[in-house]
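Colleague: predicted model, plus sequence, below.
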Protein chains: 2
Amino acid sequence: MTDSGVRGADVPELDVPEPDGHKPGVRGADVHDMRLSRLHGSLADPAMASMNFLNEVAIRFPNAISFAAGRPSEEFLDFAEVHRYVDVFIDHLRRDRGMTEAEAKRTVLQYGRTKGIIHELVGRHLEVDEGISVSSDSLVITVGCQEAMFLVLRALRTGPRDVVLAVSPTYVGLTGAARLVDLPVRPVRGGDRGIDFEDLGVRIAEARAAGLRPRALYIVPDVANPTGISLDLEARRELLRVAEAEDLLLLEDNAYGVFAGEGRLPSLKALDTGRRVVRLGSFAKTVLPGARVGYAVADQRVVDEDGGTSLLADHLSTIKSMLTVNTSPWSQAVVGGALVAHDYSLPAANRREIEVYQRNLRLVLAGLARRFPRDAERGPRISWNTPTGGFFLTLTVPFRADDELLEYSAKEHGVLWTPMSHFYGGDGGYEQIRLSLSQLTPETIEAGLDRLAALIRECSATR
Amino acid sequence: MTDSGVRGADVPELDVPEPDGHKPGVRGADVHDMRLSRLHGSLADPAMASMNFLNEVAIRFPNAISFAAGRPSEEFLDFAEVHRYVDVFIDHLRRDRGMTEAEAKRTVLQYGRTKGIIHELVGRHLEVDEGISVSSDSLVITVGCQEAMFLVLRALRTGPRDVVLAVSPTYVGLTGAARLVDLPVRPVRGGDRGIDFEDLGVRIAEARAAGLRPRALYIVPDVANPTGISLDLEARRELLRVAEAEDLLLLEDNAYGVFAGEGRLPSLKALDTGRRVVRLGSFAKTVLPGARVGYAVADQRVVDEDGGTSLLADHLSTIKSMLTVNTSPWSQAVVGGALVAHDYSLPAANRREIEVYQRNLRLVLAGLARRFPRDAERGPRISWNTPTGGFFLTLTVPFRADDELLEYSAKEHGVLWTPMSHFYGGDGGYEQIRLSLSQLTPETIEAGLDRLAALIRECSATR
């Protein structure tokens, strides 16, 4: 599933001057070629090459057991159900919204409203599942959560003084979107609680002292990608206080909250009384990855020079109109239909999936404990955290678990995982591993953990 | 279909200092509010407000006859057909690609390949319909043509010296995407032939003299939006020569070529022997606007510092992975199915639509000629061009046809059209009108032209 280039193609050896007087300065270039240095800086970023490497490894070793994939389970994917969701949505337009056939067709098949056609249904879902009450005008339906991140970061970046803070390790999608608008991402230590408030204070002060403007803090409060950590309630409240005092927006990515398990805590947006939180959402894990539908809740008020006010959501919409025009209504219909069919509740829509992910989490935790007992006198000193749910957990090992070791692991042990360093921007996390459990079965978990344990024992012994 | 703000909401009059020591300096701001000046410059651009105005007028006067809408006809939209196209694509995966059921489900319903899943089918369509032969690796399937524009402009903009040239009047989607990456768009006169080569030379020299790097020229060679003009064959060939000599990419937007009518000429990409053309395509007008599927053909080779080569398409894919991850496979399935069902030929898939648009064009041209005979001794001196097809034509009037007149026209005459000045970045085109014919019927054309003629006579008399 990677997009391979054509490296190593047979290219004549030329060294012709370019029209503007420069020489290409590279072997193998001809006059028709472009130079990478003449393309946007994000494209020469080592982080991008490293993401490609992860994809390539997975493709080169198709028979390896993968603790690396972050994709939802494919067990319940069903063509007929997806067609049916579309029809449920169309029926909803006819019955509940009183649309004529022509209006329904226009809504689902024609160009659509930039902010989306399922905003009211998503608003109801947020009310039903999380007690979040926002006007549906504050919602922008996006091409996955990724576009929502881009829209917000594009809006916030006005010049070189703007920076965004992100709890580290950070989901690479945030780092990538920031790179596209040349917005620096400054890491804030996450630690075991999910956020280190002392470090947050230091980072804000440091940025201000350097003449920079920290605009927002990106955080995944529920069973985070990549760590699996959730913030406790006090940390959530403290975060909102800090955001208020420091004039920061909180960019809350909550793609996995539905799978957080027993005792899920209120989301940041549910606790937000001061319009400090922009909620970034995804239906990729809860309805259908292939629909590519996400959203932003942006109820912040924006005041212009004449004192006129508007919603941040409207400005995100303006950016979206220049980026993707609108999110495919045909895809939105799938999500809208799923919401209607399950009375706006995603836990209800995901009963089977929640069971699978919780089972896998239990099996991975128990399997690790069995293979690496805590009271063992010998054996490698490894540890792991115990998320309440979600797709991921963090394994800490006493050796360097980097891309090189991953390649070895795939080739010699037939098991894939993700070096946590990818989520530290290549600066840290070298002794941590992200284990993903969303696409496993009881059988692949046992076999995969055996392979992983063999690798760990080997690396610990040779250390 | 506009996204209205909340202007005029009841906001308390406060003037509190902001945390960073600035005062809001605006009426109606409170401490929770953000300031527009702290959001990206594109959001304060008058061009954006002006686009919103066009949408608002259409909504405020729903009973006006509209020569303004650029959307495809809704006459043949059909839910069952769209479902069927999806199923045709799934069958194609099973039969022609030999996929198992699990593989087919993964392809259409799971996260997908960043460059898309219908690249081979789109490649075949380009071969069948236009004689374009490119490797399907050179194709990136995008969220409409708009995302394709953004990807290319993002890749090309490395710093403040880069600029893009665009034939003026210019489709606003290009201008908007460029604004998002702070890339200046420098206009090149289009004139009656579609491009003025003398002006092109002057603009390139001018930019270079100012220390700038013109990276590309954006052009719609077939029945352009907004003018309806097509380039003749000699102009196409000359354009490729200039691009080669001046080291420019040509960004060919060809969203309407299928509707260009008799004697459609080879597209720029079909004539391109030196990899000078990046083709930007859309299926919004030819398959389904609600699918939001477009593409870029970018077979340019990119050489890195070590002499390694890659395709520009792969770099666009890297940007896409940070922007929208991948284009909804569920939406791509609609387009893929339509291509398979019609043997990869879009003229075949659009027989009925082509007839409707050609009929409407004939009726509008005849209706104008009847109402404003050329040999009339009296009457307003108006003129219009005669496109071979497409959605648009240009009307030139002897008075200022701006937003103010549009508002008057909607209110007093019940007819909508688009002031051409919107496509000149607010700097020119004030005596031109874009007439769109894609959503009209013989009845609305006659009634609408009567209304338009009344407006024109009134304005010409009072001039």
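Modeller: The structure has been received and is ready for your questions.
Colleague: am I right that residue A:97 is in a helix?
Modeller: No: counting by DSSP: H, G, I helix; E, B strand; the rest coil, residue A:97 is located in no helix; its state is coil.
Colleague: poorly predicted segments of the stretch 351-463 of chain A, please.
Modeller: Flagging of the stretch 351-463 of chain A using pLDDT under 70 yields the residue ranges A:376-377, A:426, A:462-463.
Colleague: and the strands in it?
Modeller: With DSSP state E, counting those that start in this stretch as the criterion, the stretch 351-463 of chain A has strands at A:383-384, A:392-396, A:415-416, A:418-419, A:432-436.
Colleague: same question, the stretch 1-150 of chain A
Modeller: A:34-35, A:65-66, A:139-142.
Colleague: the ones you listed into JSON lines, with extra columns for mean pLDDT, distance to residue A:375 and mean neighbour count?
Modeller: Just so you know, the C-beta spots here come from the backbone N, C-alpha and C atoms, and that holds for glycine as well. Conversion of the strands of the stretch 1-150 of chain A to JSON lines gives the following (pLDDT from 0 to 100; distance: least, C-beta to C-beta, whole Å; neighbours: other C-beta atoms under 10 Å in any protein chain shown):
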{"stretch": "strand A:34-35", "mean pLDDT": "90", "distance to residue A:375": "59", "mean neighbour count": "20"}
{"stretch": "strand A:65-66", "mean pLDDT": "96", "distance to residue A:375": "28", "mean neighbour count": "22"}
{"stretch": "strand A:139-142", "mean pLDDT": "98", "distance to residue A:375": "49", "mean neighbour count": "30"}
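Colleague: which one of these lies closest to chain B?
Modeller: strand A:34-35 (4.9 Å; C-beta to the nearest C-beta).
Colleague: neighbouring strands - and their directions - for that closest one?
Modeller: Strand A:34-35 pairs in its sheet with strand B:301-303 (parallel), by DSSP bridges.
Colleague: any idea which helix or strand comes after the strand it pairs with?
Modeller: For strand B:301-303, the following helix or strand on the C-terminal side (DSSP states H and E) is strand B:309-311.
Colleague: mean confidence score for that next one?
Modeller: Per-residue pLDDT values over strand B:309-311 give a mean of 94.
Colleague: so which of the strands of the stretch 1-150 of chain A gets nearest residue A:288?
Modeller: Each of these was scored for nearness to residue A:288 using C-beta to C-beta, and the closest is strand A:139-142 (14.2 Å).
Colleague: pLDDT below threshold where in chain A?
Modeller: Applying pLDDT under 70 to chain A flags residues A:1-31, A:376-377, A:426, A:462-463.
Colleague: could you list the domains of it?
Modeller: Following automatic domain parsing, chain A resolves into domains at A:1-37, A:47-69+A:351-461, A:79-348.
Colleague: turn the strands of the stretch 351-463 of chain A into CSV, columns for distance to chain B.
Modeller: Formatted as CSV, those follow (distance: least, C-beta to the nearest C-beta, whole Å):
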stretch, distance to chain B
strand A:383-384, 26
strand A:392-396, 16
strand A:415-416, 16
strand A:418-419, 16
strand A:432-436, 13
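Colleague: now those as JSON lines including mean neighbour count?
Modeller: Output for the strands of the stretch 351-463 of chain A, formatted as JSON lines (neighbours: other C-beta atoms under 10 Å in any protein chain shown):
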{"stretch": "strand A:383-384", "mean neighbour count": "16"}
{"stretch": "strand A:392-396", "mean neighbour count": "21"}
{"stretch": "strand A:415-416", "mean neighbour count": "23"}
{"stretch": "strand A:418-419", "mean neighbour count": "25"}
{"stretch": "strand A:432-436", "mean neighbour count": "24"}
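Colleague: what would those look like in TSV with distance to residue B:179?
Modeller: Output for the strands of the stretch 351-463 of chain A, formatted as TSV (distance: least, C-beta to C-beta, whole Å):
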stretch	distance to residue B:179
strand A:383-384	47
strand A:392-396	38
strand A:415-416	42
strand A:418-419	37
strand A:432-436	38
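Colleague: to residue B:219, which of those lies closest?
Modeller: strand A:418-419 (44.2 Å).
Colleague: same for that closest one, what does it pack against?
Modeller: helix A:403-408, strand A:432-436 (3 or more C-beta pairs under 8 Å, 6 or more residues apart in numbering or on different chains; DSSP states H and E).
Colleague: which parts of stretch A:254-269 are buried?
Modeller: Within stretch A:254-269, the residues that count as buried by 16 or more other C-beta atoms under 10 Å in any protein chain shown are A:254-261, A:264-265, A:267-269.
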